[in-house]
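>>> Got a sequence here, can you model it:
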Amino acid sequence: MIRIESDRLHLRTFVETDAKNLAKLMQRNKYFWATYEPLHDEDFYTEEAQYRKILEGLHLQRSNREFSFGIFTKNEEQLIGHISLYAIKRLPYNSAFIGYSIDEQFTRQGIATEAVREVVQFGFNVLNLHRIEAYVSPKNIASVKVLEKAHFKKEGLLRELLYINGSWEDHYIYALLQDDFFQKGK
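Numbering: from 1, shown residues only. A predicted model of the protein is given here:
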């Protein structure tokens, strides 16, 4: 298990026993998150489905292809979000994508920005990535602000990238390079 501590948060990679709380988080935020990502079949929101998802994530973690963290309050009493470095590619790319979601009742508190900064630091310092990328809907102003506060740069618009709830949606691509991260002083 990998643990990351920040000022207000405790991040740790998911373990099998997190399935119940992860399912509750998914259920609570099903429609809130569906504004910018696809709704899933009902089965997805069950403890069993989240257990399988955690097992898959652990397999990918062992092969250094994905690291999925739960975002917990500092005392680790409550799961309030999740964040992942995924689709990790080694040379010649040495890159990954970052994705995150915060419980609706904990938005607008800087939690996503804090979690992104910590996981980016893990990606560059521990995994020695060269580049971390993120896709974000132009409509998702809050997430755009998170990436920009974490010093990601908008590199372009990917037209009709994702099929979300009945329509093809454009997404920006943002990226942060290891050199830029270290020059910014983290």
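>>> contacting residues around the nearest residue to Q78 once chain neighbours are set aside?
Distance criterion CB to CB, 6 or more residues apart in numbering; nearest residue to Q78, sequence neighbours excluded, is F72 at 6.5 Å. Every residue, glycine included, has its C-beta placed from N, CA and C. Contact partners of F72, counting by CB atoms under 8 Å, 6 or more residues apart in numbering, are 9-12, 78-80.
>>> residues near Q78, how many?
Using other CB atoms under 10 Å, Q78 has 12 neighbouring residues.
>>> swap in the one 10 residues further on?
The tally of other residues near I88 (other CB under 10 Å) stands at 21.
>>> Give the lowest-confidence helix or strand of the protein, using mean pLDDT as the measure.
In the chain, no helix or strand scores lower on mean pLDDT, DSSP states H and E than helix 30-33, which sits at a mean of 88.
>>> sorry, back to before: quick one: mean pLDDT for the particular helix or strand that has the residue nearest to Q78 in it?
Using DSSP states H and E, F72 sits within strand 67-73. Averaged across strand 67-73, pLDDT comes to 95.
>>> And stretch 167-175, by the same measure?
96.
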